[in-house]
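give me the fold of what follows.
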Amino acid sequence: MTYVDVPSMSEKDLKSKVNDLRTQIDHHERELKGIYRELKLHRTNTDDLKEKRNGLNTQVKGIASKARDAKSKRDSINAKIAALKSSRNEVNEKTRKFSDDISDLKTKRDDLNKLSKGSVETLSKAYAADLNLFLNADIPLNHEIDLFGRLLDLKERLGAAFDANAIHQRLMNTYEASKEVFESRDDFGDEISKLAEESQKYHLEMIGFYNQADELRKAADEAHSQISEKYAITAPIREKIDPLKKKIALLRDELTINLEKLNDIQVEKDDKKQEAHHVVAKEKLEKSGRLSLEDLKVLMDKGDLKF
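Numbering: from 1, shown residues only. A predicted model of the protein is given here:
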């Protein structure tokens, strides 16, 4: 308790002061209650805003989690696409090599076929017939010379035909070896296209979730901004509370001291009144002995009578 220095005052002035202090305390307590009521109203609105903001933030977390899940799935699929594209590039490199080899073999074969101007079977028969004629027939010299030249030409063409057949066989082997590679290239394209569609689906899902989260986050931020505005409004109101409490406490301390002073005055008055009553009761006892109950009590309290 904070003690207040109360100057010496009459009973009347003390009572007036007590009434004034009580009036002031009552006024300040009503003012304090009004502040609490006003703060309660703002707090109710603030609590609603907090509940709204927290609910929105919870939704944002849930939707953001879904967005991250969609992103994770999209990225996983994109990683598969990248791996497939890398494999496809390797296959494309192989197909380019097969294509180059096939084209080169075709060119060589076609050039040899142009040189041979016939099949191995046809040229072999012609060469065998001319050779037999050259070795066994009795022909004129000039005819023999022509035949010899023709044998040389047939031999060269036959060699080209054999080479053309060998290259053609290599070409067929290359075709056979390339089939699986060319077919796998188409498989890669189909798989990549399918995965790309799936990746796009998850990408759009992710964007949709993020857009939803952004909208909800804006609403949550707006609610938070309104809460901040409420606190800004109530701050000056709250600042009045402590000074009022302090003022009321000081007034109560002063009231207590004045009441104690009044009580001291009343006790002093009661003591004087009882002393006067005691004198009168003693006179009654000595003169007539006729006493009231109050007289008896006073005399007993003072020890003048004992039972």
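
alpha carbons only for contacts and neighbour counts from here, please
Fine.

if I look at residue 246, how far off is residue 255?
For residue 246, the distance to residue 255 (C-alpha to C-alpha, to the nearest Å) stands at 14 Å.

so for these two, which sits in the more crowded spot?
residue 255 (21 against 11; other C-alpha atoms under 10 Å).

does that one touch residue 24 like I think?
No: taking contacts as C-alpha atoms under 8 Å, residue 255 lies outside contact range of residue 24: 10.4 Å.

helices of this protein, start to end?
With DSSP state H, the ranges of helices along the chain come out as 11-116, 120-136, 141-238, 241-287, 293-302.

turn those helices into JSON lines, columns for mean pLDDT.
Formatted as JSON lines, the helices of the chain follow (pLDDT from 0 to 100):
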{"stretch": "helix 11-116", "mean pLDDT": "88"}
{"stretch": "helix 120-136", "mean pLDDT": "84"}
{"stretch": "helix 141-238", "mean pLDDT": "86"}
{"stretch": "helix 241-287", "mean pLDDT": "83"}
{"stretch": "helix 293-302", "mean pLDDT": "71"}
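
how many neighbours does residue 203 have?
19.

so for stretch 231-246, what gets flagged as buried?
Residues of stretch 231-246 classed as buried: 231, 234, 241, 244 (neighbour count, 16 or more other C-alpha atoms under 10 Å).

which one of the residues you listed is nearest to residue 168?
Nearest to residue 168 among these, counting by C-alpha to C-alpha, is residue 231 at 91.8 Å.

check the gap between residue 129 and residue 215 for me.
According to C-alpha to C-alpha, residue 129 and residue 215 sit 96 Å apart.

typed the wrong thing, it's residue 11
72 Å.

returning to that earlier point: which two in the buried residues of stretch 231-246 are spaced the farthest apart?
The largest separation in those, counting by C-alpha to C-alpha, is between 231 and 244 at 19.9 Å.

any chance you could list what contacts stretch 160-175?
Contacts with stretch 160-175, where a contact means C-alpha atoms under 8 Å, 6 or more residues apart in numbering, come from 98, 101-102, 105-106, 108-110, 112-113, 115-116, 118-120.

out of the residues you listed, which one sits closest to residue 154?
Closest approach between the contacts of stretch 160-175 and residue 154, by C-alpha to C-alpha: residue 116, at 8.2 Å.

contacting residues around the spatially closest residue to that closest one that is not a sequence neighbour?
Nearest non-adjacent residue to residue 116, counting by C-alpha to C-alpha, 6 or more residues apart in numbering: residue 157, 4.0 Å away. The contact partners of residue 157, taken as C-alpha under 8 Å, 6+ apart, are 115, 116, 117, 118, 123.

burial of the last one, as a residue count?
As a burial measure, residue 123 scores 19 neighbours (other C-alpha under 10 Å).

surely it meets residue 154?
Yes: with contact defined as C-alpha under 8 Å, residue 123 reaches residue 154; the gap is 6.7 Å.

might you report the residue contacts of residue 106?
Contacts of residue 106 (C-alpha under 8 Å, 6+ apart): 168, 171.
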